[in-house]
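Student: Give me a model of this one.
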Amino acid sequence: MTALREFQRLEAAGLWRASPDAQRRDVIVAVGDATLTITDMNDTPLAHWSLAAIERANPGQFPALFHPDGDPGETLEIAEDEVTMLDAIERVQAAIEHRRPHPGRLRAASVLAATGLLALLVFLWLPGALQNHAVNVVPDIKRKAIGEALLGRIERVTGQACSSSDAAPVLEKLALRTGTRRVVIFRSGLASSLHLPGGIVLLNKNFAEDYEDPAVAAGAILAERARAQMVDPLAELLISGGTPASFRLLTTGQLKRETLDHYVETVLGSPRPPVANERLLAEFARSAIPSTPYAYAIDITGETTLGLIEADPMAGRSLEPVLSDADWVRLQNICG
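Tutor: Numbering: from 1, shown residues only. Model prediction:
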């Protein structure tokens, strides 16, 4: 299905019911080239639906309810937060509608051709302005969708992120404490940390397992926030993808899978850019978190991070811990 070329396989959680009198089951929904595959939690296939024959029974309502064309008894529910999957299905339906005969097609083609020519001129002469414009106009919901898509591509390289029912609430507390939307911890494949579009910060498990003070992990998150102020994470992605990526995002609202994969390959193998002490210390001060533990974690001697130690904005102050001891132990064990 050409509408989904950037995805070889897109997955989401859902609830499937084979018939009206059957019990709903937790399933994994995967979008392939031309089909939507429904499997149970043991990866056993339960159903295959043609992407061209999916109907939504409750447009505009959530959870979204889908069924095969002509068979409303078999249903699939997808939650509102599965943004990427819902967007993919909507695009398929839009592509099908586009292929149906429409009056005035020639006139519309002419308008599109003129628009394409104008876009080509922008592509040739204003690549920097094109990228900046894309970064400025992309809404938060699209940034989150791009970030989630990137996270999925990263997990294909590094393996799945660490997770546990005990640690999930602790990650939420850590994200809230550091002013971040979401924190994800990886067992391997990620050298240190990374900030994705949509407020997703990735950390290597060492920031949790190797230190007794949660201020170290918090410091790594704050360092990524400081980097995001220097260069927007979406801008980093578009720089990696070049002008065609910015052009495609502006005209279609989407990025190719190849663009995401190229960025993942580049960023996972590159050291994170340094952050000026003044900018980093401002983040620690804003969050009321001491910078000294993070400084010694980066350099155990403190020689190269002396500025963060001597100018610690929280030095000598009585502070609430970043996390309680119990919560920190739970987070240290998130990777098993």
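Student: Please report the distance of the closest residue to Lys144 other than its chain neighbours from Glu11.
Tutor: With sequence-adjacent residues excluded and distances taken as C-beta to C-beta, 6 or more residues apart in numbering, Lys144 is closest to Gly198, at 3.6 Å. Every C-beta, even on glycine, is put in place using the N, C-alpha and C of the backbone. In this view, Gly198 and Glu11 are 18 Å apart by C-beta to C-beta, to the nearest Å.
Student: Tell me which of these two has more neighbours.
Tutor: Under the criterion of other C-beta atoms under 10 Å, the comparison of Gly198 against Glu11 puts Gly198 first, with 23 against 16.
Student: Which residue ranges of the stretch 151-300 of the chain form strands?
Tutor: Counting by DSSP state E, counting those that start in this stretch, the segments of the stretch 151-300 of the chain that form strands are 182-186, 193-196, 200-204.
Student: I'd say Ser246 and Asn136 touch.
Tutor: No. With contact defined as C-beta atoms under 8 Å, Ser246 does not reach Asn136; the gap is 11.2 Å.
Student: circling back: contacting residues around the residue nearest to Lys144?
Tutor: Residues in contact with Gly198, defined by C-beta atoms under 8 Å, 6 or more residues apart in numbering, are 140, 143-148, 181-182.
Student: can you give me the helices in the chain?
Tutor: With DSSP state H, the ranges of helices along the chain come out as 83-99, 105-125, 127-137, 140-158, 168-177, 206-209, 215-230, 233-241, 243-252, 257-268, 277-287, 292-298, 306-310, 325-332.
Student: Quick one, which of these gets closest to Asp71.
Tutor: Between Asp71 and the helices of the chain, the shortest separation by C-beta to C-beta is 16.6 Å, and it involves helix 83-99.
Student: Next, the angle helix 140-158 makes with the closest one.
Tutor: With axes from the mean of the first three to the mean of the last three C-alpha atoms, to 10 degrees defining the directions, helix 83-99 sits at 110 degrees from helix 140-158.
Student: Show me what helix 83-99 packs onto, helices and strands only.
Tutor: Judged by 3 or more C-beta pairs under 8 Å, 6 or more residues apart in numbering; DSSP states H and E, the packing partners of helix 83-99 are strand 10-17, strand 25-31, strand 54-56, strand 64-68, strand 75-78, helix 140-158.
Student: For it, what does the pLDDT average out to?
Tutor: In this model, helix 83-99 has an average pLDDT of 76.
Student: mind listing what's buried in that helix?
Tutor: For helix 83-99, the buried set under the neighbour-count rule, 16 or more other C-beta atoms under 10 Å, comprises 83-89, 91-93.
Student: Out of those residues, flag the one nearest to Phe62.
Tutor: Proximity of those to Phe62 (C-beta to C-beta) peaks at Leu86, which lies at 8.9 Å.
Student: follow-up on the earlier one: just put the strands of the stretch 151-300 of the chain in TSV and tack on mean neighbour count and mean pLDDT.
Tutor: TSV is the format used below for those (neighbours: other C-beta atoms under 10 Å; pLDDT from 0 to 100):
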stretch	mean neighbour count	mean pLDDT
strand 182-186	21	96
strand 193-196	24	96
strand 200-204	24	96
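Student: Of the ones you listed, which is nearest Asp26?
Tutor: For the strands of the stretch 151-300 of the chain, proximity to Asp26 was assessed by C-beta to C-beta; strand 182-186 is nearest, at 21.9 Å.
Student: okay, the angle between the closest one and helix 140-158?
Tutor: The directions of strand 182-186 and helix 140-158 differ by 10 degrees, with the same axes, to 10 degrees as the criterion.
Student: Which elements pack onto strand 182-186?
Tutor: Packed against strand 182-186, as judged by 3+ C-beta pairs under 8 Å, 6+ apart, are the following elements: helix 140-158, helix 168-177, strand 200-204.
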